[in-house]
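**Q** with the sequence up front, the predicted model follows.
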Amino acid sequence: MMTYLKQLYKTSYPFRFLLFGIVLSFLPLLSDLDIIEFSALTTWAQIIIFAVVALGLNLLLGFSGLISLSTAGFMGFGAYTITFLSNRFDLPFMLAILITLAIAAAIGVFIGLLSLRVEGIYLAIATLFVGEILQQIYKQVDWFSGGFSGVRFHYPQFNLIFTTIELTRNQTFIFLVACLVLVMTVIYNIINSRTGRALMAMSRSEHAAQAMGINILKYRLVAFVTSTVIASFSGILYASFMRGVEPTTWNLNLSLFIIAMVVVGGYKSIFGMFLGAFVIHGIPTFWLNEMFASIPGFAYIFSGVLIIVIIMFYSVGLIHIHHDIKKLYLKIKPYVIKAYKKLFTKKQEKGDKNA
Amino acid sequence: METTLRIFFSSLETGSVYALASLGIVLIFRTSKTTNFAQGVIGTFNGYIAATLFLKWGWGIWEVTACALFTAFLTGILIDTIIIRPASKVNPVSKQIITLGLIMIILGILPWLFGIDFLSLPRFIPITESTRISVLGASITYNAIFVILVSSTLMGLLFWFLKYTKWGLAIRVTAADDTTSKLMGVPTKTVTMISWATAAMFGTLAAIFIAPQTNVNPLMLADVQINAFFAAVLGGFTSFIGPVVGAFILAISKNLSLIYISDEWGNVIVYLLVLVVLFIKPYGLFGKKGVKKV
Amino acid sequence: MRKTILNINNLSMQFGGLKAVDDLSFDIKENEIVGLIGPNGAGKTTVFNCITQFYKDDTGEIIFENKAGKIVDLNKVSVTKVINHGLVRTFQNVELVKDLSIIDNVLIGGHNQYKTGVLGHILKTKWAKLEEKAQYEKALKILKFLNLDGLKDFYAYGQPYGILKKIEIARTLMCNPKLIILDEPAAGLNDVETKELAELIHQIKDEYKCSILLVEHDMGFVMDICDRICAISFGKLLAFDTPKNIQSNKTVQEAYLGGNDDE
């Protein structure tokens, strides 16, 4: 049994995602036992939500070499639309999710078609503007978004045959973890298929990709639409856990933070997205903001500097750091052993002399 | 007639500001091969310096502008030497992301250095009854005329510089092909540095011009920046004159649609139209499709 | 008499005022190796780009008998569909995905062979798995054929130039090609590698029953492996003949030696 599991761990990434998810599922328990604070669980939930959106954005940034600046806008779109569909039309949670994601995909196709035809850089500019429009909608279209006061939502509700159950806070957390594992697996499956190879081929060498039959526009669209849908999905998770949506959350700055997570975690990495979300959102919230309370914009400076430093000096991302630590360790090891032996033999000699 | 003229005048003023910001973006795009998303915040940063000097030290608007332009020059050079140049080998996407990182750093620094209160800057020529002229019923302030004149003079100077001077030639050849330029002995490093400095100065000027309307806050140039990018897209990133024309087209159509269509969503319609134009003419109105070597 | 599979009639291509290809006609027969030679700037790569539809503004006819035996006018085919007809190419500067493993790079060549879509891959349906496995086996077979199977899981990044060139060739073989276009396959290779390459090209021709069109500057190499050679200069056809006749052709010699002005 044990060897079978070990074998599975070595060969199957989805199994690793599952294990990771199981580990994360213990966090609510720790919170109940007062080992971590009540608010810390919220931060962990946000880290999971950001990891989900970063996974989608990674498909765009890391694999396809495209930038979107409306990621936060689409998160907001997911959060508002699920609330709107549930509150106004009383749709079941799952159906509302499907409709939200379908609309997000349609918007993604529309924007992508307009801006992705020629140059990749136009996507960044077009999405910069889309992000602004979405924000304007969230602030001004009261019937949809509740205007400046935002809207209230509830923990996920599932219709069973006779009754409707609403998850508790802890159960919702585990629901988020399950969604994270799901999205990790989906992204893993995409990048290890011909789609993933096509995305990489097109961003590394457009001509070769075309000669191999890869339609550039089609795959740019696939990447952009997927990342849009996943961003909306993470917005849904946000609304579900935070039980509400506020209009000011979804600005360009949040999009920049998510880009920072992808860069810092490591392009093309899956676990890296969680690490990136932890470093960019978790570390400041847990520790640094308190330490640097005198600097109001500290989280911004921290992320901005990390982005630039990582791109310039460690472009593979922090997820690869254990390789380098290992290398360093192997390099130092002989010296350590030597020093240790020297010390040890000296003592022994001394001991011998004393005897 | 009166409304049309009034729209025309105000479009000229905002168009000038867009054009300045846009030229900065294109200048950097051509010489550093990256879209500089930090163009706005660099201008804002120096706008804050101007406003602080004005409010705390009581300097005049002319002096603080000169001073802010000088610090803008330094910021441009600093950013190029310590970040952009060492990162010249990274891929284009990472380069763009570096400029996004710059946005975050500057946004973080602003409240730390200058406080969280919004600051303000006055107009160059205060608006009174005697400092405006009326043309066929539509009035235009001296300050607006000043803004338009300064911007167009600067742009004229830039075009003259690009076209007729040795350094202008250097910028144009660096834009065309920086490897070859380097081999031909063009000091491409200096060229990029000057471009960053010029772009920062243009952005700062845009900030100071727009400040009386928006007051000085971290997002004061957000709108200008979006317009500047769209102007560059509309006119074409591969030409220098295109973005200027694009800026004025954008300013006029935005004002028209804000008045005649919807004061809340007018600008959205214009941007969507620009995207449609882009779909039909992918390289912009003045841009040329470069032959890609296979 | 062998069948003609590619017929180029009166091909012309202009860049601004410059005629890069000028009224060029030649053909390739089944199971034949044809070399395209000419001095620098003669328009060789442009011809390739016209055939593979990277340039669309050319005039003239490019008629190809595809792998299904159908006659197609390539000018009416979009650049990403060319490979479906069994026409595939390599590039002058090796164009591989450096941060993918070698076998994944080869699999990119099989892109259009897949029938399952993105959703199938996400859900990992049985079909998708079977298909991926079949493609993988095919790629492995090709790598074995090229003696690269030992390297299959290494990144393309950091491999020596000779290996990279071979990977590019391996990638072209994934689509069951009928005509392979090689853009300077021997450039940057040493003598031993060049010899190996010549052998390899012959093997590919025999094993995959395809024709090969190549541009190359290494005259020894071209004369050695080509059945026929098409010599061009400034986009114009100088001669289209067997290597032997090309060698003794006066106009070709002049074009290469830069025509004697003193005479």
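**A** Received, thanks.
**Q** which other residues reach stretch B:88-102?
**A** Outside stretch B:88-102, the residues that touch it by C-beta atoms under 8 Å, 6 or more residues apart in numbering or on different chains are A:61, A:65-67, A:120-121, A:124, A:256, A:259-260, A:263, A:303-308, A:311-312, A:315, B:32-38, B:41-42, B:79, B:83-84, B:87. (Each C-beta comes from the backbone N, C-alpha and C, glycine too.)
**Q** just the buried ones from these, in ChimeraX syntax?
**A** For the buried members of the contacts of stretch B:88-102, the matching ChimeraX selection, counting by 16 or more other C-beta atoms under 10 Å in any protein chain shown, is:
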select /A:61,65,66,67,120,121,124,256,259,260,263,303,304,306,307,308,311,312 /B:32,34,35,36,37,38,41,42,79,83,84,87
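**Q** hmm, which helix or strand of chain C has the shakiest average pLDDT?
**A** helix C:250-257 (a mean of 81; mean pLDDT, DSSP states H and E).
**Q** now for that helix, which elements pack on it?
**A** Contact analysis of helix C:250-257 by 3 or more C-beta pairs under 8 Å, 6 or more residues apart in numbering or on different chains; DSSP states H and E lists strand C:228-233, strand C:236-241 as its packing neighbours.
**Q** out of these, flag the one nearest chain A.
**A** With C-beta to the nearest C-beta as the measure, strand C:228-233 is the member of the helices and strands packed on helix C:250-257 nearest chain A (21.3 Å).
**Q** break chain A down into its structural domains.
**A** Annotated domains of chain A cover A:13-316, A:321-355 [automatic domain parsing].
**Q** just give me how far the last one sits from the chain centre.
**A** Pointing back at domain A:321-355 there. 42 Å (C-alpha atoms, centre = their mean, to the nearest Å).
**Q** which parts of it are buried?
**A** Buried, per 16+ other C-beta under 10 Å, within domain A:321-355: nothing.
**Q** do that domain and chain C meet?
**A** No: remark: domain A:321-355 sits outside contact range of chain C, by C-beta under 8 Å from any C-beta of the partner chain, the gap being at least 14.0 Å.
**Q** ok, A:I259 - contacts?
**A** With C-beta under 8 Å, 6+ apart, A:I259 has these contacts: A:57, A:61, A:67, A:71, A:307, B:97, B:100.
**Q** farthest pair within these?
**A** The span of these, defined through C-beta to C-beta, is set by A:T71 and A:I307 at 14.8 Å.
**Q** and the domains of chain A, which one's lowest on average pLDDT?
**A** Ranked by mean pLDDT, the domains of chain A end with domain A:321-355 in last place, scoring a mean of 80.
**Q** any idea of the angle the least confident helix or strand of chain C forms with strand C:236-241?
**A** Counting by axes from the mean of the first three to the mean of the last three C-alpha atoms, to 10 degrees, helix C:250-257 points 120 degrees away from the direction of strand C:236-241.
**Q** need the next SSE after the helix or strand where B:F146 lies, C-terminal direction.
**A** Taking DSSP states H and E as the definition, one finds B:F146 inside helix B:142-164. The element immediately downstream of helix B:142-164 (helix or strand, assigned by DSSP H and E) is helix B:166-176.
**Q** please point out which parts of that next one sit buried.
**A** Residues of helix B:166-176 classed as buried: B:168, B:170-175 (neighbour count, 16+ other C-beta under 10 Å).
**Q** and stretch A:159-177, by the same measure?
**A** A:167, A:170, A:172-177.
**Q** now intersect those with the helices, please.
**A** Here DSSP state H is the test, and the buried residues of stretch A:159-177 give A:170, A:172-177 as lying in helices.
**Q** rewinding a little: out of the buried residues of stretch A:159-177, which is nearest to chain B?
**A** A:L176 (26.3 Å).
**Q** ok, that closest one to A:A239 distance?
**A** Per C-beta to C-beta, to the nearest Å, A:L176 is found 12 Å from A:A239.
**Q** same check on A:V225?
**A** Relative to A:A239, A:V225 is positioned 21 Å away (C-beta to C-beta).
**Q** so between these two, which is more surrounded?
**A** A direct count of neighbours by other C-beta atoms under 10 Å in any protein chain shown for A:V225 and A:A239 places A:A239 higher, at 27 against 22.
**Q** so of the domains of chain A, which one's packed in deepest?
**A** The highest average neighbour count among those, using mean count of other C-beta atoms under 10 Å in any protein chain shown, belongs to domain A:13-316 at a mean of 21.
**Q** where's C:I169 relative to chain B, distance?
**A** C:I169 sits 18 Å away from chain B when distances are taken as C-beta to the nearest C-beta, to the nearest Å.
**Q** which residues does residue 13 contact?
**A** Looking at chain A here, since you left the chain open. Counted by C-beta under 8 Å, 6+ apart, A:Y13 has contacts A:188, A:270.
**Q** not quite, I wanted chain C
**A** Taking C-beta under 8 Å, 6+ apart as the test, what C:M13 contacts is C:19-21, C:43, C:46, C:50, C:55, C:57-59, C:235.
**Q** please identify the helix or strand for the residue in the stretch 1-150 of chain A positioned nearest to chain B.
**A** Proximity of the stretch 1-150 of chain A to chain B (C-beta to the nearest C-beta) peaks at A:V118, 3.7 Å away. Under DSSP H and E, no helix or strand contains A:V118.
**Q** next, give phi and psi for it.
**A** When read as degrees, to the nearest 10, the backbone of A:V118 gives phi -110, psi -70.
**Q** ok, back up a step: just the helices and strands packed on helix C:250-257: most buried one?
**A** strand C:228-233 (a mean of 23).
**Q** now whatever residue of the stretch 51-200 of chain C ends up closest to chain B, what are its backbone angles?
**A** Using C-beta to the nearest C-beta, C:F54 is the residue of the stretch 51-200 of chain C that sits closest to chain B, at 4.9 Å. The phi and psi values for C:F54, taken as degrees, to the nearest 10, are phi -70, psi -30.
**Q** my guess is it meets A:H207, correct?
**A** Yes: between C:F54 and A:H207 there is a contact under C-beta atoms under 8 Å: 6.8 Å.
**Q** contact partners for residue 51?
**A** By default, I'm working from chain A. A:180, A:261, A:273-274, A:276-277.
**Q** other chain: chain C
**A** C:I51 sits in contact with C:6, C:8, C:62, C:74, C:87, C:181, C:213, where contact means C-beta under 8 Å, 6+ apart.
**Q** ok, the fifth one to C:G35 distance?
**A** Spelled out, it's C:L87. Note on C:L87: its distance to C:G35, by C-beta to C-beta, is 17 Å.
**Q** what about the two, which has more around it?
**A** Between C:L87 and C:G35, counted using other C-beta under 10 Å, C:L87 has the larger neighbour count: 31 against 25.
**Q** beta partners for the more buried one?
**A** Beta-bridge partners of C:L87, counted by DSSP bridges, are C:L179.
**Q** closest to C:G110 among the buried residues of stretch A:159-177?
**A** Once C-beta to C-beta is applied, the member of the buried residues of stretch A:159-177 that ends up nearest C:G110 is A:V177, at 36.7 Å.
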